[in-house]
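Undergrad: return a 3D structure for these sequence lines:
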Amino acid sequence: MRRGLVHTAAWLLATGAAVTLSWWGVHTVMAGTAYDPPRAVPIAAGAVDARASSTHRPEASPSASPPRSASQKPSRTPGSATPSPSRTAKPSTSAKPPASPSASGTVKGYATQGGRAVFDLGKDSATLVSATPAAGWSVQVWKDSTWIRVEFTSGTDKVSVFCTWHDHAPSVEVAKY
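TA: From the prediction side, this is the model:
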C-alpha cells in the first residue's frame, strides 16, 4: 500500500512538473508573438465609389435601369410598395462616428510586383486602407505622423510603397530594390 502511494506521489510530481514546464514554454513563446491582422480583400481596379456600403448606397443614375416595355408587368401592386411597420423602432443611441474624420479624400490603390497597397488620400493626411501581398510575398507596415511605408518582401526582392504628407498634400512613391 505504501509503495503504491509513493508511486502515485512520484507520478503526480512528474506530471505537475511537465505541465508547468510546458505551460511556461508555450506562454513565453506566445507572449512575444505578433499576430498578423486578417488579410484585406483586394479592391477591384474599376471601383469608382469608395463610399458605397450596406448603409450608404450610391445615387442611382437616370439611365441605370432599362426602360420598361408595355409587355412587362410590375412585380408589386402600387399599394404594397412600402410595408408599414407594426411598431415604431427605437432610435439607436450607440451611433458610431466615422472611423477617421480626416479621411475624406480619394481612395487609390497601387499595384506592385509584391502586392497591392490602398490608401485614402485626404487634403493634408492619408490612411492605409489595406496592404495585400501577392502570392509568395510578405508585407510589413510602418506608420508615423507624416508618412506610411508598406514594404513587400520575397527573398531578396523588396518593393516599397511610401506615402508622405509633411508640409504638402499626400504623395505616393513606389520603389523596387
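Undergrad: helices along this structure, start to end?
TA: 2-31 (DSSP state H).
Undergrad: so where is it shaky, pLDDT-wise?
TA: Scanning the chain for pLDDT under 70 picks out 32-104.
Undergrad: quick one: the strands in it?
TA: Assigned by DSSP state E, the chain shows strands spanning 106-111, 115-121, 126-133, 138-143, 147-154, 157-164, 171-176.
Undergrad: out of those strands, which is the most enclosed?
TA: strand 115-121 (a mean of 23; mean count of other Cβ atoms under 10 Å). In this view, the C-beta of every residue, glycine as well, is placed from N, C-alpha and C.
Undergrad: out of the strands of the chain, which gets nearest to Arg3?
TA: strand 138-143 (57.9 Å; Cβ to Cβ).
Undergrad: pull the residues that contact the closest one.
TA: 114-115, 128, 131-133, 148-154 (Cβ atoms under 8 Å, 6 or more residues apart in numbering).
Undergrad: that strand pairs with which strands, parallel or anti?
TA: Within its sheet, and counting by DSSP bridges, strand 138-143 is paired with strand 147-154 (antiparallel).
Undergrad: the strand it pairs with to strand 157-164, inter-axis angle?
TA: On the basis of axes from the mean of the first three to the mean of the last three Cα atoms, to 10 degrees, strand 147-154 is oriented at 170 degrees to strand 157-164.
Undergrad: what does strand 147-154 rub up against?
TA: Contacts of strand 147-154 (Cβ under 8 Å, 6+ apart): 112-115, 117, 119, 126-128, 131, 133-134, 136-143, 158-166.
Undergrad: again, only using 6 Å
TA: With Cβ atoms under 6 Å, 6 or more residues apart in numbering as the test, strand 147-154 has contacts from 114-115, 117, 128, 131, 133, 136-142, 159-164.
Undergrad: backbone phi and psi for Gln113, please?
TA: phi -60, psi -30 (degrees, to the nearest 10).
Undergrad: tell me what the nearest residue to Gly114 once chain neighbours are set aside is bridged to.
TA: Spatial nearest neighbour of Gly114, chain neighbours left out: Phe152 (2.6 Å); criterion: Cβ to Cβ, 6 or more residues apart in numbering. Phe152 has these beta-bridge partners by DSSP bridges: Val139, Val159.
Undergrad: any idea how far Phe152 is from Pro133?
TA: 5 Å (Cβ to Cβ, to the nearest Å).
Undergrad: shared neighbours, those two?
TA: Jointly contacting Phe152 and Pro133 under the rule Cβ under 6 Å, 6+ apart are 115, 139.
Undergrad: hmm, back to that, which of the strands of the chain sits closest to Ala18?
TA: strand 138-143 (35.6 Å).
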